[in-house]
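Enquirer: The sequence isn't on hand, but the structure is:
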């Protein structure tokens with residue numbers, strides 16, 4: 001008879017209101033008015049590329065129909081630097097913004113979070129880095145993702161580029177949004193490779209949350225498993241038929257569930273090793289994760305095979321045998337997803353050479369916030385070996 005493992009003490013937080021519905025962004029004004037009847041001056045935070053798609057027009061019209069003045073900040077870039085955050089905050093203050101709306105990928109939503117906490121505060125951004133350092137309240141915040149990947153709409157984390165290649169995180173409960181809106185109509189134009197990389201990013205969130213050494217809990221576990229079920233069964237279809245709204249909505253929901261999971265059971269070495277790839281070589285975050293994922297899973301297997309085997313039952317349901325055999329099936333299936341979707345699978349394919357590995361390993365070791373959560377301790381030599389295997 002198997003003795004059940006005791007459930008340790010834990011806490012769990014997430015966004016209070018979630019709307020999952022194709023076309024919901026067209027009702028943004030009525031949703032905002034329902035939750036914040038007093039607001040009158042909304043700031044939409046997005047990037048120039050998404051603004052050009054025209055998909056922001058209907059949400060803007062909806063806000064105006066609800067009686068709100070709408071401003072747009074569209075200078076967000078991938079891996080946003082501090083200067084972008086500060087210019088966005090200045091824009092919000094100039095327009096006397098009383099509602100912030102992140103409408104875009106992870107970078108736009110991360111900037112929106114920081115605008116919401118900085119615009120009405122005297123606290124400086126540089127004092128917010130780390131965990132739990134945001135003081136006071138924030139402006140009302142609605143998040144509307146346009147990719148199925150980061151889960152940023154339901155996380156209390158914002159990542160900022162602080163130097164030429166370095167990134168720092170602001171992690172604080174004030175960064176949780178009031179409302180998250182999942183609308184697949186905003187994602188149908190995503191190219192297959194972006195769909196693949198962001199989808200694998202979401203799967204990494206779920207895998208790392210399920211195997212984290214810190215704060216693993218039954219709610220995050222449940223969400224991670226459901227996220228992986230939705231993501232693994234829909235990612236290929238989303239890449240092959242991007243206009244399939246049902247598949248796209250399933251991907252958005254899966255990415256959000258993974259976000260809820262890792263917001264409460266934090267990510268680990270995959271993300272720690274991915275950040276230098278993005279920071280130094282400007283490789284998109286989701287692709288950076290995908291490039292190191294199989295190699296980190298293989299490294300972690302001696303300490304996490306039993307948990308990886310449980311996830312293999314979802315991602316590679318035909319897998320049988322020992323925990324180690326099912327772990328290998330999980331690794332093979334994740335690798336197969338990357339190959340079927342056509343994204344790069346080796347570091348050298350994104351311009352990284354063997355001479356870069358020492359710098360990558362040095363930078364990875366600075367990601368202590370993430371490495372401390374890994375099921376197996378990662379030394380600097382381990383990090384370099386993982387990069388070498390991924391080359």
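Expert: Everything's here; your move. Computed from a predicted structure; not experimentally measured.

Enquirer: so where's this protein uncertain?
Expert: Flagging of the chain using pLDDT under 70 yields the residue ranges 1-4.

Enquirer: Looking at this structure, which helix is longest?
Expert: Secondary structure of the chain per DSSP state H: the longest helix is helix 285-315.

Enquirer: Could you find the closest non-adjacent residue to residue 204?
Expert: residue 289 (4.6 Å; CB to CB, 6 or more residues apart in numbering). For every residue, glycine as well, the C-beta is placed using N, CA and C.

Enquirer: before we move on, what about residue 216?
Expert: In space, residue 216 is closest to residue 265, 5.1 Å off (CB to CB, 6+ apart).

Enquirer: The one you found - how many residues pack around it?
Expert: 29 (other CB atoms under 10 Å).

Enquirer: again with residue 300
Expert: Neighbours of residue 300 (other CB under 10 Å): 23.

Enquirer: quick one: it and residue 330, what's the gap?
Expert: Going from residue 300 to residue 330 by CB to CB, to the nearest Å gives 11 Å.

Enquirer: where do the contact lists of these two overlap?
Expert: Common contact partners of residue 300 and residue 330 (CB atoms under 8 Å, 6 or more residues apart in numbering): residue 308.

Enquirer: distance of the spatially most central residue of the chain from residue 157?
Expert: Against the mean C-alpha coordinate of the chain, by CA atoms, centre = their mean, the closest residue is residue 150 at 1.9 Å. Distance of residue 150 to residue 157, given as CB to CB: 9 Å.

Enquirer: Could I get the full set of strands for this protein?
Expert: Under the criterion DSSP state E, the chain contains strands at 17-20, 41-47, 69-76, 99-104, 130-131, 141-145, 157-161, 167-171, 179-182.

Enquirer: Between the ones you listed, which one is closest to residue 385.
Expert: Comparison of the strands of the chain against residue 385 by CB to CB identifies strand 167-171 as nearest, at 23.0 Å.

Enquirer: From the chain's centre, how far out is the closest one? Work that out for me.
Expert: Its chain's average C-alpha position is 13 Å from that of strand 167-171, according to CA atoms, centre = their mean, to the nearest Å.

Enquirer: which parts of that strand are buried?
Expert: Neighbour counts over strand 167-171 (16 or more other CB atoms under 10 Å) mark 167-171 as buried.

Enquirer: and residue 210, what does it touch?
Expert: If a contact means CB under 8 Å, 6+ apart, then residue 210 has 216, 220-221, 224-225, 261, 265, 307, 310-311 as its contacts.

Enquirer: can you do 10 Å?
Expert: 216, 220-225, 227-228, 258, 261-262, 265, 304, 307-308, 310-311, 314 (CB atoms under 10 Å, 6 or more residues apart in numbering).

Enquirer: and these, which are buried?
Expert: Here, 16+ other CB under 10 Å leaves 216, 220-221, 223-225, 227-228, 258, 261-262, 265, 304, 307-308, 310-311, 314 buried among those.

Enquirer: Buried residues in stretch 187-196, which are they?
Expert: Neighbour counts over stretch 187-196 (16+ other CB under 10 Å) mark 187-188, 190, 192-196 as buried.

Enquirer: now, which of these lie within helices?
Expert: Among these, the ones falling in helices (DSSP H) are 192-196.

Enquirer: Out of those, the closest to residue 108 would be?
Expert: For those, the nearest to residue 108 is residue 194 (14.5 Å; CB to CB).

Enquirer: Just confirm the closest one contacts residue 287, I think it does.
Expert: Yes - with contacts counted by CB atoms under 10 Å, residue 194 reaches residue 287, the gap being 9.1 Å.

Enquirer: any common contacting residues for those two?
Expert: Joint contacts of residue 194 and residue 287 (CB under 10 Å, 6+ apart) are residue 343.

Enquirer: buried residues in stretch 124-132?
Expert: By 16+ other CB under 10 Å, the buried positions in stretch 124-132 come out as 125, 128.
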